[in-house]
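# Return atomic coordinates for the entry below.
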Amino acid sequence: MEFTDLKTQYRALQGEIDARMRRVLEHGQYILGPEVRELEEKLAAYTGAKHCVTVASGTEALLIALMALDIKPGDEVITTPFTFVATGEMIVLLGAKPVFVDVEEDTANIDASRIAAAITAKTRAIMPVSLYGQPADMDEINAVAAKHGVAVIEDAAQSFGATYKGRKSCNLSTVGATSFFPSKPLGCYGDGGALFTSDDGLAQAMREIRHHGQSGRYQHTRIGVGGRMDTLQCAVVLAKLGRFEWELERRIALARRYDRLLDAFRPIRVKSDRTSVYAQYTLRTPQRDRIQESLRAKGIPTAVHYPQSLHQQPAYAASYRGLSFPLSEKLAREVISLPMSADLSEKDQDAIAAAVSAA
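Take a look at the predicted model:
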C-alpha cells in the first residue's frame, strides 16, 4: 500500500503528462519556457490573485517572499513552531528571528488570538502555516498585521486548492507561498513551488529575485537566487490541473469517511468556514508508537508530521532554551498521518481503519 499513491495517478494521466513533457523536449526551452507563463496564468486565475510567480520549490518560495519584503538581520517574523523546518529555516537564513506562537490543539494551526502579544518593534511579518491543508484564521491574522503595519505571508505549502470563507488559499494575505513537491495535493515530479500576490511591486521583486536579481539580461538590480521552476516541472503540473478539482472532491470525501470510521481517535478538526485539501490525514493518539508498529506489521505505511516542534530541534533549541509551547509539544507527541490520496480505494481505507482500531 502506498502512503501517497502517485503511480495510480500517473496511469490515469499518462497520456496528458507524456504529451506535455514531450512538447518541452521538442521545443527545448527548459528554463522559463512557454509552459512557465501558461502555468502562472492558470494558477493566478485559479486563486484569484493578480500575480503568480513560479519558483524552484516551496522552500524557495518562502525565501523569495521574505527577500521581496526586505526582511533583514535582526528583524522578527512571527510564526508557528509546529511546522516543517523550512518555515523557520528561511527566516533564520536571512538573519532574522522566528518568534513562535503556540497553536490551537484541535486544528494544529497557529492560534491567532496569541499573535498580538508576540508583536514587538522588531516585527516585520507574520507567517501562518496552513497545516495539513487547512488555512489558519486569516482574517484575524490580517487584522492584527494591518494594525501594526506588517506583512502576512501564508505558508500554503500544504493547502493549494483549499478555501477560507469562499476565498482560495494563496490569495488570503500579502503573499501566498505554495509547494509542488510530488506528494502535495497538486505536485510535480521533482521540486517546484509558486508565489501569489496582488501587489505589483512585490510581484516584480519576486520575479527578479528568483532570476538572480535581474531586471533585464545581465542587469542585476537586486540580490537574488537561482530560484526558477523549470519548464518540465511546469508541464507536469499543467497536465494535472484538469483532474485537480475531482481529486480535491475525492480527498475531502475520503477524509470525511475516515472521520466517521475513526472518530474516537480525535482527527484534526476542520473549521466550518473553510476547507482542507488534506495534504495529510492526521489523527491524535497517545498510543502512536503502538499503532505505527501494528500498522507497519500489516504493510500499512504511516508518517508523523511532525515529531518535534521547531524550538525542540537541535539546530534551534539553544535559541529557545527555557521557552515552552505546550500545545505544539503535545501534538508532536500524538499526531499520526494515515495514507491519503485521491486514488485511495475504500477497500484499502476500510483495512487501514480496521487496523488502527485493532491496534
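# Look up how far residue 285 lies from the residue lying closest to residue 198 once chain neighbours are set aside.
Here the nearest residue to residue 198 in space, its sequence neighbours aside, is residue 50; by Cβ to Cβ, 6 or more residues apart in numbering that works out to 4.0 Å. The C-beta positions use only the backbone N, C-alpha and C, and glycine is treated the same way. Remark: distance between residue 50 and residue 285 (Cβ to Cβ, to the nearest Å) = 43 Å.
# Check residue 174 too.
As for residue 174, its distance to residue 285 is 37 Å (criterion: Cβ to Cβ).
# do residue 331 as well
11 Å.
# Those two - which one has more neighbours?
The neighbour comparison of residue 331 against residue 285 (other Cβ atoms under 10 Å) goes to residue 331, with 24 against 19.
# quick one: contacts for that one?
82, 103, 105, 108, 284 (Cβ atoms under 8 Å, 6 or more residues apart in numbering).
# same deal with residue 251?
Residue 251 neighbours (Cβ under 8 Å, 6+ apart): 185, 277, 278, 340, 341, 342.
# Wasn't it part of a helix?
Yes. With DSSP: H, G, I helix; E, B strand; the rest coil as the criterion, residue 251 is assigned to a helix.
# give me the number of residues near residue 336?
Neighbour number of residue 336 under other Cβ under 10 Å is 22.
# From residue 283, how far out is it?
With Cβ to Cβ as the criterion, residue 336 and residue 283 are 5 Å apart.
# what are the phi and psi values for the residue lying closest to residue 114 once chain neighbours are set aside?
Among residues not flanking residue 114 along the chain, residue 101 sits closest, at 4.8 Å (Cβ to Cβ, 6+ apart). The phi/psi pair for residue 101 (degrees, to the nearest 10) reads phi -130, psi 130.
# residues near residue 101, how many?
Counted with other Cβ under 10 Å, residue 101 comes out at 22.
# quick one, what contacts the spatially most central residue of the chain?
Nearest to the mean C-alpha position of the chain, by Cα atoms, centre = their mean, lies residue 157 at 1.5 Å. Counting by Cβ under 8 Å, 6+ apart, residue 157 makes contact with 58, 61, 84, 86, 129, 130, 177, 178, 179, 181, 184, 193.
# Which of the contacts of residue 331 are buried? Put it as a PyMOL command.
Burial among these is assessed by 16 or more other Cβ atoms under 10 Å; the matching PyMOL selection reads:
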select buried, resi 82+103+105+108+284
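# which one among the contacts of residue 331 gets closest to residue 148?
Nearest to residue 148 out of those is residue 103 (Cβ to Cβ; 20.9 Å).
# coming back round to it: can you pick out the most distant pair from the contacts of residue 251?
Using Cβ to Cβ, these span at most 11.4 Å, a distance reached by 277 and 341.
# where's residue 30 relative to residue 21, distance?
To residue 21, residue 30 is 11 Å away according to Cβ to Cβ.
# Name the residues contacting each of the two.
With Cβ under 8 Å, 6+ apart, residue 30 and residue 21 have common neighbours residue 232.
# For the two, work out which one has more neighbours and name it.
Neighbour comparison, residue 30 and residue 21: the larger count goes to residue 21, with 18 against 12 (by other Cβ under 10 Å).
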